[in-house]
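Chemist: predicted model follows, preceded by the sequence.
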Amino acid sequence: MLHRVDTHPIVPSQSSTPGRCSALPAGNQFLAEGDLSYMLFADKKELERKFSQKATITDTDATTLINLFHQDMSAVRVIDRVEIALAEAAKPFAALKTAAA
């Protein structure tokens, strides 16, 4: 995540197209910036952890299959579900939008 000098994070919005912002229509939000101290975080559920030796995974080269049982390996899956709300969305957050050409 990018940070400005005053430590406010710079977060690309979901509507952004990396490297192709000029292709977005006018008025389309492509970047959001703000003070995250105005965000409220809460756990929706307890942290979920699952371990398995019964799986076949693909190596980082995307072609080699690895059978965890045969290699005496284990896979770990961790899921953390959080809820995020904005305390005062208009004050600490700003959005950059594309302009008309």
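Modeler: Right, received. Where do you want to start?
Chemist: neighbours of residue 73, just the number please.
Modeler: 13 (other C-beta atoms under 10 Å). Heads up, the C-betas are built off the backbone N, CA and C, glycines and all.
Chemist: ok, now residue 35?
Modeler: With other C-beta under 10 Å as criterion, residue 35 counts 13.
Chemist: gap between it and residue 43?
Modeler: In this structure, residue 35 lies at 22 Å from residue 43, with C-beta to C-beta, to the nearest Å as the measure.
Chemist: what does residue 65 give?
Modeler: The spacing between residue 65 and residue 43, counted by C-beta to C-beta, is 36 Å.
Chemist: quick one, phi/psi of residue 60?
Modeler: Main-chain torsions, residue 60, degrees, to the nearest 10: phi -60, psi -20.
Chemist: what do you get for the one 10 residues further on?
Modeler: The main-chain torsion angles of residue 70 are listed as degrees, to the nearest 10 and equal phi -70, psi -30.
Chemist: buried set for the host helix or strand of residue 57?
Modeler: Residue 57 is located in strand 56-58, with elements delineated by DSSP states H and E. Applying a neighbour-count criterion of 16 or more other C-beta atoms under 10 Å, strand 56-58 contains no buried positions.
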